[in-house]
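Colleague: Next comes the sequence, and after it the predicted model I'd like to discuss.
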Amino acid sequence: MNFESAASVKTASGNYDIFVHDQAIENVGEICRALDIGNHAFIITDTEINKIFGEQLVSILSQAGYTTKLYAINAGEDQKNLETVEHLYNWLLKNHVERSDFVICLGGGVVTDLGGYVAATTLRGIPFLHVPTTLLGMVDAAIGGKTGVDHQLGKNLIGAFAQPAAVVSDPQLLSTLPIRQIRDGLAELIKHGLILDKDLVDLLEKSSSNLRSLIEPHFIAKSSSIKAGIVSADERESSKRMLLNYGHTVGHAIEACTGYQTYRHGEAVAVGMHIAGKISHQLGLLSEEELNRQQHLITSCGLPSEASDVYLDDVLKTMRSDKKMYQGTLSWILLNGIGNAIISRNVSEATFRSAAETILG
């Protein structure tokens with residue numbers, strides 16, 4: 001291949017490269033050949049992405065000598081469930097999928113989570129690649145091997161760790177996205193800076209007046225590299241990888257409480273980061289100036305700072321079903337200063353209520 005990866009993930013269950021450059025989608029066939037993962041590609045996408053990029057990817061793979069089949073699920077988080085998994089199993093098995101075949105997940109976080117899970121559990125596992133088409137997918141969902149679906153009791157409660165064979169991120173695919181979806185991904189990019197990289201926060205602050213400039217390859221590559229490093233150090237979220245959940249404890253609960261219809265993932269996480277930041281401040285870990293700095297960056301990117309239409313008690317109830325519970329205690333990710341996240345199991349319900357009462361309903 002005549003191009004370099006932006007980052008590499010190295011784990012016990014698999015090593016792979018993350019490619020980030022303009023027109024990277026044109027290299028998918030070449031990457032698959034270099035990986036030597038099979039001769040038949042099953043593309044999983046959604047109906048909206050299929051209209052824009054489906055035919056292009058089929059053509060690229062055909063030119064590389066692959067036969068292809070494509071299945072487009074309906075677009076939306078509400079499709080990320082076991083019923084859709086069953087439809088995909090039926091499609092793959094009726095088309096005689098073999099372990100020598102592979103899956104390409106073309107889409108945002110729903111497609112990468114769902115498609116990765118289907119690939120990981122069909123025939124006890126077939127190879128898969130991610131070609132994310134959203135900023136959220138490029139900097140978060142496609143990296144790290146978390147696959148799975150939602151359950152009526154909460155988000156991502158059913159799934160498996162399964163690493164892709166590669167991640168191919170083409171920033172030019174983002175040019176068709178509405179600004180709300182750009183903001184959705186920016187929440188995760190901001191989070192990476194807040195938890196581990198103060199320099200990234202500085203860069204984001206300088207460019208936040210022009211949101212489209214934040215989807216340039218170097219921003220996506222830097223954010224991808226941060227996550228790749230965390231995943232390589234802690235594949236199964238036993239320690240350091242838990243830091244990636246900053247804002248997610250509350251964020252996932254907000255999504256579940258609203259039926260995944262009202263708030264996009266990044267919007268819910270932005271509200272969750274506000275609450276986690278306030279808790280950090282109340283516990284003496286984060287100064288008022290630093291909390292204000294976090295919130296200024298979040299709001300300057302057009303992300304919400306509150307969810308007054310979501311009831312605090314409902315969020316608290318949903319949080320108790322969170323997969324981050326450990327021996328009956330919820331794990332919180334807090335900031336001990338900008339760029340320095342920590343894990344805490346000492347946040348009382350009273351502290352949470354005090355931090356959330358003016359943010360939630």
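Modeller: Cool, got the structure.
Colleague: residues in contact with Trp91?
Modeller: Counting by Cβ atoms under 8 Å, 6 or more residues apart in numbering, Trp91 touches Lys69, Tyr71. Bear in mind the C-beta positions are built from the backbone N, C-alpha and C, glycine included.
Colleague: let's see it at 7 Å
Modeller: Tyr71 (Cβ atoms under 7 Å, 6 or more residues apart in numbering).
Colleague: so how far is stretch 286-294 off the chain centroid?
Modeller: Centroid separation for stretch 286-294 versus its chain: 25 Å, with Cα atoms, centre = their mean, to the nearest Å.
Colleague: ugh, typo on my part, it should be stretch 149-158
Modeller: Distance of stretch 149-158 from its chain centroid, counting by Cα atoms, centre = their mean, is 15 Å.
Colleague: same question, stretch 308-326
Modeller: For stretch 308-326, the distance to the chain centre is 20 Å (Cα atoms, centre = their mean).
Colleague: In three-state terms, label Ile342 for me.
Modeller: In three-state terms, and counting by DSSP: H, G, I helix; E, B strand; the rest coil, Ile342 is strand.
Colleague: Any idea what it is bridged to?
Modeller: For Ile342, the beta-bridge partners are Leu334 (DSSP bridges).
Colleague: Make sure it is actually in contact with Trp332.
Modeller: No - counting by Cβ atoms under 7 Å, Trp332 is not a contact partner of Ile342; they are 9.1 Å apart.
Colleague: More neighbours: which of these two?
Modeller: Trp332 (25 against 16; other Cβ atoms under 10 Å).
Colleague: List the contacts of the more buried one.
Modeller: Residues counted as contacts of Trp332 (Cβ under 7 Å, 6+ apart) are Thr249, Ala276, Ile279, Ser344, Val347.
Colleague: Determine which two of these are furthest apart.
Modeller: Taking Cβ to Cβ, the two most distant members of the contacts of Trp332 are Thr249 and Ser344; they sit 10.9 Å apart.
Colleague: So for the two, which sits in the more crowded spot?
Modeller: Each of Thr249 and Ser344 has its neighbours counted (other Cβ under 10 Å); Thr249 has more, 23 against 17.
Colleague: Could you verify that that one is part of a helix?
Modeller: Yes - membership of Thr249 in a helix is supported by three-state DSSP.
Colleague: Check the gap between it and Gln63 for me.
Modeller: In this view, Thr249 and Gln63 are 45 Å apart by Cβ to Cβ, to the nearest Å.
Colleague: What separation do you get for Leu316 and Leu82?
Modeller: Distance, Leu316 to Leu82, by Cβ to Cβ: 26 Å.
Colleague: swap in Ser354?
Modeller: Counting by Cβ to Cβ, the gap from Ser354 to Leu82 is 38 Å.
Colleague: now the helices: where do they sit in the stretch 101-250 of the chain?
Modeller: Assigned by DSSP state H, counting those that start in this stretch, the stretch 101-250 of the chain shows helices spanning 109-121, 135-136, 179-196, 198-207, 217-233, 248-257.
Colleague: Packing partners of the shortest one?
Modeller: Read it as helix 135-136. Where contact means 3 or more Cβ pairs under 7 Å, 6 or more residues apart in numbering; DSSP states H and E, helix 135-136 is packed against helix 179-196.
Colleague: If you count neighbours, what's buried in the helix it packs on?
Modeller: Neighbour-count burial for helix 179-196, counted by 16 or more other Cβ atoms under 10 Å, picks out 181-196.
Colleague: lowest-pLDDT helix or strand in this structure?
Modeller: Across the helices and strands of the chain, mean confidence by mean pLDDT, DSSP states H and E is lowest for strand 325-326: a mean of 62.
Colleague: Could you say which of the helices of the stretch 101-250 of the chain is packed most deeply?
Modeller: Of all the helices of the stretch 101-250 of the chain, helix 135-136 has the most neighbours on average by mean count of other Cβ atoms under 10 Å, namely a mean of 28.
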